[in-house]
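J.: Pasting a predicted model and its sequence here:
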Protein chains: 2
Amino acid sequence: MKRSKKERQQLLKTTIEENPFITDEELADRFSVSVQTIRLDRLELSIPELRERIKHVASKQLDEEVRSLPIEEVIGEVIDIELDQSAISIFDVKTEHVFQRNQIARGHHLFAQANSLAVAVINNELALTADASIRYHRPVKLHERVIAKAKVLSTSEVRTTVEVNSYVGQEQVFSGTFKMYRSTKDK
Amino acid sequence: MKRSKKERQQLLKTTIEENPFITDEELADRFSVSVQTIRLDRLELSIPELRERIKHVASKQLDEEVRSLPIEEVIGEVIDIELDQSAISIFDVKTEHVFQRNQIARGHHLFAQANSLAVAVINNELALTADASIRYHRPVKLHERVIAKAKVLSTSEVRTTVEVNSYVGQEQVFSGTFKMYRSTKDK
DNA sequence: CTGCTATTAGTACCTAGTATTAAAAGTTCG
DNA sequence: CGAACTTTTAATACTAGGTACTAATAGCAG
């Protein structure tokens, strides 16, 4: 099986990409050339040695582990609030909020922004969501800024209905109606 | 700084756990003992050498990449899944999930568990929540274990309805109906 | 045949170890 | 105190999977 230098180097690159754990010796075997040739190839292609490759993959893994730990606690920043009436928060979609494959924000983050805003707008120590009906109007992408606007529709002694609409620019991306319990003892 | 053998070995273990990239020499320095002592310690504790540790971390990374998308992006741990039919996940409520004041889990975590399970159960590259209707039956407290059960109710070419019910023990705490978009090209 | 590139071979050196033997230091017990 | 034991350190030989360098050889083109 005769390959030109270029062919071999191209193949070398993809082979290592798909299996970074392969040694020069195995590669030499596979391509029926000497180990030295493989090393020259790697040199020319600036492909690091096995151990460095593995180290690189491992670091990536550690990064992922740390980045995926703090799942979500910050759910947007409240920029305006009138208790028992309305509230506005902004939420910037970052890499940790999106599906890796299509860069679309996972739905529960938009929900979380809206839900926590609904909780915040209620002037009460204890506010809990009883039920909610929501709708996603269009997908939100990485790096977009979502502005959620909450509006209190009705209030009784124990129940409050809050409507939340979220926008990216002028475009609506999310809407929801939250029925909230509120504790009887006011602050 | 004098430590007994036991103390040193205990510390060695946790040190390596938190930074698997550390060499015996660095450890010897850190604990003011010889390299040989560190090696005896590793031997006694069955801790593999640096390169093996790195290799192990790197393999984990490759596994994740291959085992692909839906599972790692689920909130809670999926313990059973039958694609396009049903799925179950567990979610342990920790301190970071609750309101400090009353130790009650924030609603969006329960929503996130249910929503991501609904996404995972759909055997499709692209699944997005279109709208959802949910209800919180009773508050969930710190350290409780929530079991979410997703069931696919109906499927058309582009839409799937998933029902999710979540329980703590025998008691239902959450229910939701999720209407999902699925991409037209099936896997 | 002469040049040129590509390949192979060989050597010294490196890191981060294992495995083994042996000596030295520290500690406990009688 | 000193023998017996554990713990630590040292020294040596060997390993994988390389780098860096020099030198020899093979293949082919003009």
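T.: Structure's in. What do you need? Numbering: from 1, shown residues only, chains lettered A, B, ... in the order given.
J.: A:V173 and A:R135 touch, don't they?
T.: No - if you go by C-beta atoms under 8 Å, A:V173 and A:R135 don't touch, sitting 9.8 Å apart. Bear in mind the C-beta positions are built from the backbone N, C-alpha and C, glycine included.
J.: Of these two, which one has the most company?
T.: A:V173 (22 against 16; other C-beta atoms under 10 Å in any protein chain shown).
J.: Return the backbone torsion pair for the more buried one.
T.: As for A:V173, its main-chain torsions (degrees, to the nearest 10) stand at phi -120, psi -20.
J.: Equivalent analysis for A:G107, please.
T.: Torsion angles, degrees, to the nearest 10, at A:G107: phi -60, psi -30.
J.: again, but for the one 3 residues further on
T.: Dihedral pair for A:L110: phi -70, psi -40, per degrees, to the nearest 10.
J.: how far away is it from DNA strand D?
T.: From A:L110 over to DNA strand D the distance is 46 Å, taken as C-beta to the nearest atom of the strand, to the nearest Å.
J.: What's the separation between that residue and A:Y167?
T.: Per C-beta to C-beta, to the nearest Å, A:L110 is found 11 Å from A:Y167.
J.: what residues do those two have in common as contacts?
T.: Residues touching both A:L110 and A:Y167 by C-beta atoms under 8 Å, 6 or more residues apart in numbering or on different chains: A:146, A:173.
J.: These two: which is more packed in?
T.: Using other C-beta under 10 Å as the criterion, A:L110 and A:Y167 rank with A:L110 on top: 28 against 16.
J.: Surely the more buried one and A:V146 touch.
T.: Yes - using C-beta under 8 Å, A:L110 is in contact with A:V146, at 6.6 Å.
J.: what do the two both touch?
T.: Common contact partners of A:L110 and A:V146 (C-beta under 8 Å, 6+ apart): A:91, A:140, A:166, A:173-174.
J.: just curious, which of those is nearest to DNA strand C?
T.: A:F91 (43.2 Å; C-beta to the nearest atom of the strand).
J.: Which element, helix or strand, includes that closest one?
T.: When secondary structure is defined by DSSP states H and E, A:F91 falls within strand A:86-92.
J.: Please save the CA atoms from that strand in PDB.
T.: Only the C-alpha atoms of strand A:86-92 are listed here, as PDB (Å, rounded to 0.1, in the frame of the first residue of the first chain):
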ATOM      1  CA  SER A  86     -44.300  44.700  37.800                       C
ATOM      2  CA  ALA A  87     -40.600  43.800  37.500                       C
ATOM      3  CA  ILE A  88     -38.000  43.500  34.800                       C
ATOM      4  CA  SER A  89     -34.900  41.300  34.600                       C
ATOM      5  CA  ILE A  90     -32.200  40.700  32.000                       C
ATOM      6  CA  PHE A  91     -30.500  37.400  31.300                       C
ATOM      7  CA  ASP A  92     -27.600  36.900  29.100                       C
END
